[in-house]
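Colleague: turn this into a model:
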Amino acid sequence: MARRPPPRPPRRRLPADEARARILEAAQRRLAEVGPERLRLTELAAELGISHQAILHHFGTREHLVGAVVERATMRLNERMTSVLAERGRDREELFDLIADFYGAEGNARLIAWLALSGMTPETRPAAAQAHPLKAMIELAHASRTNAQPDREIPYEDTEFRSQLVAVALLGEAIFGDLIRASSGSQRGPAATRAFRKRLAALLVDSG
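Modeller: Take a look at the predicted model:
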């Protein structure tokens, strides 16, 4: 006689904010394990003990869920950057490492690239999620530069360009760094990544 599977625990209806937070936490773990290409909402729902429709209700699509994971990670990055500036002042190297880890070690570069290739842009996200994550970084960087050089007028556009340059460079390094170094016969691996960061940071500091 076939054994019956154990009964599933009863589903408990959670407040919307708590439900979204649980889904985001689980999605972040799954994305770190399998990447966005192999993320399955049905598997995620089973892991959480909720219905597939519950995830769709909160996020709409897999792309929107991945976008929400990146946006939450960006908010946490901004909080860490604000803390560094408040506690230790103008620590460019630590701020630079925070941004580099956000793209590289934390895996957000892969998610951002996947979203872009999927046609997901800030304009195609739901209105409530149309944030500008880099804007907060630019404002923090500009405040840091202005406070450090009170006698010099620093155009916001200059800080904006520098911040965009850093974001593009670190995003590309996180995804293609070793591939580009291999094609030029250079050293690869973590040591090469650290050297790239230091050279880029020095270049920005030397240029004021």
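Colleague: can you pull out the strands in this structure?
Modeller: Under the criterion DSSP state E, the chain carries no strands.
Colleague: quick one, domains of it?
Modeller: Domain assignment for the chain, taken from automatic domain parsing, gives 13-60, 62-206.
Colleague: ok, of those domains, where does mean pLDDT dip lowest?
Modeller: Of all the domains of the chain, domain 62-206 carries the lowest average pLDDT, namely a mean of 82.
Colleague: next one: that domain to chain centre, how far?
Modeller: The chain centroid and the centroid of domain 62-206 are separated by 9 Å, computed with Cα atoms, centre = their mean, to the nearest Å.
Colleague: mind putting the domains of the chain in JSON lines, mean neighbour count included?
Modeller: Just so you know, the C-beta spots here come from the backbone N, C-alpha and C atoms, and that holds for glycine as well. JSON lines is the format used below for the domains of the chain (neighbours: other Cβ atoms under 10 Å):
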{"stretch": "domain 13-60", "mean neighbour count": "15"}
{"stretch": "domain 62-206", "mean neighbour count": "15"}
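Colleague: separation between the closest residue to residue 173 other than its chain neighbours and residue 99?
Modeller: Among residues not flanking residue 173 along the chain, residue 196 sits closest, at 5.6 Å (Cβ to Cβ, 6 or more residues apart in numbering). Distance, residue 196 to residue 99, by Cβ to Cβ, to the nearest Å: 13 Å.
Colleague: need the residues touching each of these two.
Modeller: Contact with both residue 196 and residue 99 is made by no residue, according to Cβ atoms under 8 Å, 6 or more residues apart in numbering.
Colleague: in the chain, which spans are helices?
Modeller: 16-34, 41-48, 52-59, 62-88, 92-103, 108-117, 133-148, 156-183, 190-206 (DSSP state H).
Colleague: hmm, who's touching the third one?
Modeller: Identification of contacts with helix 52-59 by Cβ under 8 Å, 6+ apart yields 16, 19-20, 23, 41-42, 44-45, 65, 68.
Colleague: which pair of the residues you listed spans the longest distance?
Modeller: 16 and 42 (21.2 Å; Cβ to Cβ).
Colleague: got the contact list for residue 80?
Modeller: Residues near residue 80 by Cβ under 8 Å, 6+ apart: residue 98.
Colleague: how close does it get to residue 201?
Modeller: 17 Å.
Colleague: cool, and residue 25?
Modeller: 32 Å.
Colleague: with residue 51 instead?
Modeller: On the measure of Cβ to Cβ, residue 51 and residue 201 end up 47 Å apart.
Colleague: with residue 179 instead?
Modeller: 22 Å.
Colleague: could you do residue 178 as well?
Modeller: 19 Å.
Colleague: same deal with residue 110?
Modeller: 23 Å.
Colleague: what do you get for residue 44?
Modeller: With Cβ to Cβ as the criterion, residue 44 and residue 201 are 37 Å apart.
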